[in-house]
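Enquirer: Generate coordinates for the sequence data below:
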Amino acid sequence: MSLRTISIRRTALALATLAAIHGAPLFAAPADNSAAAAVSSAAAAPTANAGKARTLEAVSVVATGETRQIQTVSSEDIKALPPGSSALKALDQLPGVQFQSSDPWGAYEWSTQITLHGFDQSRLGFTLDGIPLGNMGYGVTNGLQITRAITSDNLSSVELAQGAGALGTASNSNLGGTIQFNSADPDSIAGVRVDQAFGSDSTHRTFVRFDTGDFHGFSTYVSFDHADTGKWKGYGDQRSNQLNLKSVYQWGDGDRISLFVDSSRRKEYDYQDLSLTSARVLGWNYDYLQPDWTQAVQIANAIDGKGAYPASLNGLPAGYDKGDVDYYAGGGIREDNLAGLDGSFNLSDTATLNLGSYYHGDRGEGQWATPYVASSPTVPIAMRTTDYGLDRTGVTGSLQFTLGNNDIELGVWGEDANNNQERNYFHLEGQYTYLSNFYRNEAPFLRGFLQNYDTTTRMAYAQDTLHLLDDRLTLNFGAKSLDTTTTARSLVATSALAAGRVKASKGFLPQAGVDYKLDDRQDVYASYSKNLAAYGILPFSQSQASFDAGRATLKPEQSQTYELGYRVQGDTFEASADAYYTRFSNRLLAVSPCPAVVTCSAILNNVGSVKSSGLDLALIWKPVAHVRWLNSLSYDNSKYQDDYLNNGVVATKGKYVVGIPTWMLTSGLSYVAGRWSATLDGKYTGRRYITYINDSAVPSYWLLNAGVTYDVGAVSVLKDLSLGLNVANLADKRYFATTGTNGYVASDPAGYNQTLQAGAPRQVFFHLDARF
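Expert: Predicted coordinates:
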């Protein structure tokens, strides 16, 4: 059975959402394919204001009276980045945050990675206007990347909360924190905006947005974004086309209904994963072989013992697997449609009802030209694809009301998701230099698996914020109930993966916080949170026999986080200090016994717990007029607490968590005076281990970026014209960006594991922004 023929259930409210957007055109792809940052603190649930756009005119590291730390960046911070950059890249300046990508925009999804206080991306939660984005993983399982959900130019702010995040966050993966993206509302005045960018490696990007302006409470914008960003090494580019629409109707005293629609089409040629050894021997610029078909065939034949490997690989050590060092080509295709309809209704002066519904559909394909499966006796390479089909529908709702000194909130979230994944193999006739969807054009000659995953999530929560001592003391406490059930079906008899059902459920997951104002300038706060994560599809990566044997003892991952902080604000400075301790238990680890391009069952282990403790310091100082200096220092001590078994004891107890730097330091100067604005920022990222027993690591590095903008003002028919220049990696530093792209291994002292992405060299971008 094909994934295109599987029936997908729809809820009644989701159908209502689709009916509401019927007639709104969705973009169809052609056949071809710093800044000031904030560290504020808050405890509000995202569903409370899901329908209300947040716009930050200024940022601060102090948010007096709130009971937990939230780090925030505004639309101005995002605009200071190279045009088209992911909003996640702006978060990299914040304490405790590590963002990595091998391209300068943070948009290349295979390499995109964000970590927070010892937690990797798969254990964080993400939302856009209250719509869950899952864990934004590369494999389409429960959501989509923010770059495919909304064009960054249309964002108003991004908020990052550590711990489990705000209680009402629509996420079942947020063990370590949440990131809430908020879209901008349409402008109140009609107009057209055009942003054109050019730069290194034949990059060009065009963004166009039309605003209707406000008409008796109704306003709309429609935007289109086209980007073609050439790879900085190797063959190919990354292309995207994206349409956004947002309509808002407001009436009365703050009542509003909002509709958001996104349609995204993305194609990206991959960068080759490196190892410590391959980067040293073959160079940082080593990449996929495409269009050199002859050398790819030579490697494939050598794997089968039919000849020697190319002479270019002779420098690799004798023990290195030369067959796995490089492949002909890799790529990814994603097509997404996202729609959200929400409303905020004031029932009285002290009560507000928030309702939301959404739909997300994704069709995609990940490609790898594999030398381990032949297309024919004369063509030793086949196209191996992972084909995705995901449909999600969901609802969110919250009721907020005030009783005396109590601000009370009750809320719910429900989602039904149907997800299909296939591993297919297609014939290749010889050299190819295109990137297109094989699944749509032909039938596979071999199928490794065809899995259908049906997931239901139900969440309810209640919280109370109590204000005492003339608002000097704030207490916040509440709890949620979370239930996620996933049913897997294997639709081919030869599937290497398991079928069955798993359920992660907990009826009481508490959160509590307190804030006390020492005086008008200082306050202290403390918080506690407990959370549980859904299994996702991880348990089904095993063989059927392994799944059946371990199902009875399988436990969901859980976390408990304690936080203590201090804030102070002066006439020319703002500062904060935040200490945290987290215990992460029942950590699940899937180990694949075969190379990344080979299909086989994984081995799943409960490898015990992780303890994380650390300190974040932040200071914003304005020494003179027009100058702002942001500094942050982060220390994180995340270590495994147990050994685990995998063909013997793997001694991970007391070892540092892979991929997480112990020390990070950021410093950024911004200057704004008259028509000129300029930024210069740098970040130090400490050493990161890339094996579980810590016998291999990537070195620390500093990365510098700069930007300057000049606002020309009104010119002829233009209301405003501005010119901008950005330089990424100003010092042209060679460094390893993303780690773990092909997973981590227990031990690799020789540095052979190809699971690293090289960071982009110095690149320059110029853009022109015109408003009519």
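
Enquirer: Going along the chain, name the helices of the protein.
Expert: Using DSSP state H, the helices of the chain run over 12-20, 75-79, 87-91, 146-149, 276-282, 293-303, 438-441, 544-550.

Enquirer: Does the fourth one pack against any helices or strands, and if so which?
Expert: With contacts taken as 3 or more CB pairs under 8 Å, 6 or more residues apart in numbering; DSSP states H and E, helix 146-149 sits against strand 125-128, strand 237-251, strand 255-269, strand 330-348. Every C-beta, even on glycine, is put in place using the N, C-alpha and C of the backbone.

Enquirer: now swap in the last one and tell me
Expert: With contacts defined as 3+ CB pairs under 8 Å, 6+ apart, the packing partners of helix 544-550 are strand 603-606.

Enquirer: rerun at 10 Å
Expert: Counting contacts by 3 or more CB pairs under 10 Å, 6 or more residues apart in numbering; DSSP states H and E, helix 544-550 is packed against strand 500-517, strand 603-606.

Enquirer: so where's the protein shaky on pLDDT?
Expert: For the chain, applying pLDDT under 70 flags the ranges 1-65, 163-165, 592-600.

Enquirer: okay, now Ala737: neighbour count?
Expert: Using other CB atoms under 10 Å, Ala737 has 25 other residues around it.

Enquirer: Let me see the contact set for the residue nearest to it when sequence neighbours are not counted.
Expert: Nearest residue to Ala737, sequence neighbours excluded (CB to CB, 6 or more residues apart in numbering): Gly759, at 3.8 Å. Contacts for Gly759 (CB atoms under 10 Å, 6 or more residues apart in numbering) come out as 100-104, 111, 232, 284, 701, 703, 728-729, 733-738.

Enquirer: cool, and Trp105?
Expert: By CB under 10 Å, 6+ apart, the contact list for Trp105 reads 81-86, 89, 112, 147, 152, 203, 205, 227, 229, 238, 728, 760, 763, 765.

Enquirer: What of Lys655?
Expert: Counting by CB under 10 Å, 6+ apart, Lys655 makes contact with Ser638, Lys639, Tyr640, Gln641, Asp643, Tyr689, Thr691, Tyr692, Ile693, Asn694, Asp695.

Enquirer: What does Trp284 show for phi and psi?
Expert: With angles defined as degrees, to the nearest 10, Trp284 sits at phi -60, psi -30.

Enquirer: doesn't Gly330 make contact with Tyr138?
Expert: No. Shown here, Tyr138 and Gly330 do not form a contact pair, counting by CB atoms under 10 Å, at 11.8 Å.

Enquirer: My read is that Pro510 contacts Leu167, right?
Expert: Yes. Counting by CB under 10 Å, Pro510 does reach Leu167; the two are 9.2 Å apart.

Enquirer: any common contacting residues for those two?
Expert: Gln463, Phe477, Gly478, Ala479, Lys480, Ser529, Asn531.

Enquirer: about what we covered before: tell me which of the helices of the chain sits nearest to Gly177.
Expert: helix 87-91 (10.9 Å; CB to CB).

Enquirer: CA atoms only for the closest one - export them in PDB, please.
Expert: What follows is helix 87-91, C-alpha atoms only, in PDB (Å, rounded to 0.1, in the frame of the first residue of the first chain):
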ATOM      1  CA  ALA A  87      15.000  33.200  13.500                       C
ATOM      2  CA  LEU A  88      16.900  30.500  15.400                       C
ATOM      3  CA  LYS A  89      20.200  32.200  14.400                       C
ATOM      4  CA  ALA A  90      19.200  35.300  16.300                       C
ATOM      5  CA  LEU A  91      18.700  33.200  19.500                       C
END
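
Enquirer: What is it packed up against?
Expert: By 3+ CB pairs under 10 Å, 6+ apart, helix 87-91 packs against strand 70-74, helix 75-79, strand 97-100, strand 113-116, helix 146-149, strand 155-162, strand 177-183.

Enquirer: and the second one, how far from the chain's centre?
Expert: It stands for helix 75-79. 18 Å (CA atoms, centre = their mean, to the nearest Å).

Enquirer: Return the closest of the shared contacts of Pro510 and Leu167 with respect to Arg256.
Expert: Distance to Arg256, by CB to CB, is smallest for Gln463 among the shared contacts of Pro510 and Leu167, at 23.3 Å.

Enquirer: Centre-most residue in the chain?
Expert: Nearest to the mean C-alpha position of the chain, by CA atoms, centre = their mean, lies Met136 at 4.5 Å.

Enquirer: can you pull the contacts of that residue?
Expert: By CB under 10 Å, 6+ apart, the contact set of Met136 is 88, 109, 112, 114, 121-122, 124-126, 142-149, 173, 179.

Enquirer: Ramachandran angles for Ser436?
Expert: Main-chain torsions, Ser436, degrees, to the nearest 10: phi -140, psi 170.

Enquirer: For it, grab the count of nearby residues.
Expert: There are 16 residues near Ser436, going by other CB under 10 Å.

Enquirer: my read: Leu316 touches Tyr309, true?
Expert: Yes. Counting by CB under 10 Å, Tyr309 is a contact partner of Leu316 at 8.7 Å.

Enquirer: shared neighbours of these two, anything?
Expert: Lys322, Val325.

Enquirer: count of neighbours near the nearest residue to Asp407 once chain neighbours are set aside?
Expert: Once flanking residues are discounted, Asp407 sits nearest to Thr465: 4.2 Å by CB to CB, 6+ apart. Applying other CB under 10 Å, we find 22 residues neighbouring Thr465.

Enquirer: tell me the contacts of Thr465?
Expert: Applying CB under 10 Å, 6+ apart to Thr465 gives the contacts 43-44, 65-67, 402, 405-409, 474-478, 513, 515.

Enquirer: I'd like to know how far the closest residue in space to Thr739 that isn't next to it in sequence sits from Ser122.
Expert: Here the nearest residue to Thr739 in space, its sequence neighbours aside, is Gly659; by CB to CB, 6+ apart that works out to 4.8 Å. Shown here: Gly659 relative to Ser122, a distance of 11 Å by CB to CB, to the nearest Å.

Enquirer: Ser219: what's it in contact with?
Expert: Shown in contact with Ser219 (CB under 10 Å, 6+ apart): 185-190, 211-213, 246-250.

Enquirer: Just the buried ones out of the residues you listed, please.
Expert: Neighbour counting by 16 or more other CB atoms under 10 Å classes Asp185, Pro186, Asp187, Asp211, Thr212, Lys246, Ser247, Val248, Tyr249, Gln250 among the contacts of Ser219 as buried.

Enquirer: right, and the third one touches Ser156 too?
Expert: If I follow you right, that is Asp187. No. With contact defined as CB under 10 Å, Asp187 does not count as touching Ser156 (11.7 Å).

Enquirer: ok, how many other residues are close to the residue lying closest to Tyr535 once chain neighbours are set aside?
Expert: Nearest residue to Tyr535 in three dimensions, chain neighbours excluded: Val502, at 4.7 Å (CB to CB, 6+ apart). A count of nearby residues for Val502, using other CB under 10 Å, gives 21.

Enquirer: what bridges to Val502?
Expert: Beta-bridge pairing for Val502 (DSSP bridges): Thr486.

Enquirer: show me what contacts it?
Expert: Counting by CB under 10 Å, 6+ apart, Val502 makes contact with 455, 484-488, 534-540, 547, 551, 554, 556.

Enquirer: ditto for Leu276
Expert: Applying CB under 10 Å, 6+ apart, we find Leu276 in contact with 690, 696-699, 736, 748, 750-756.
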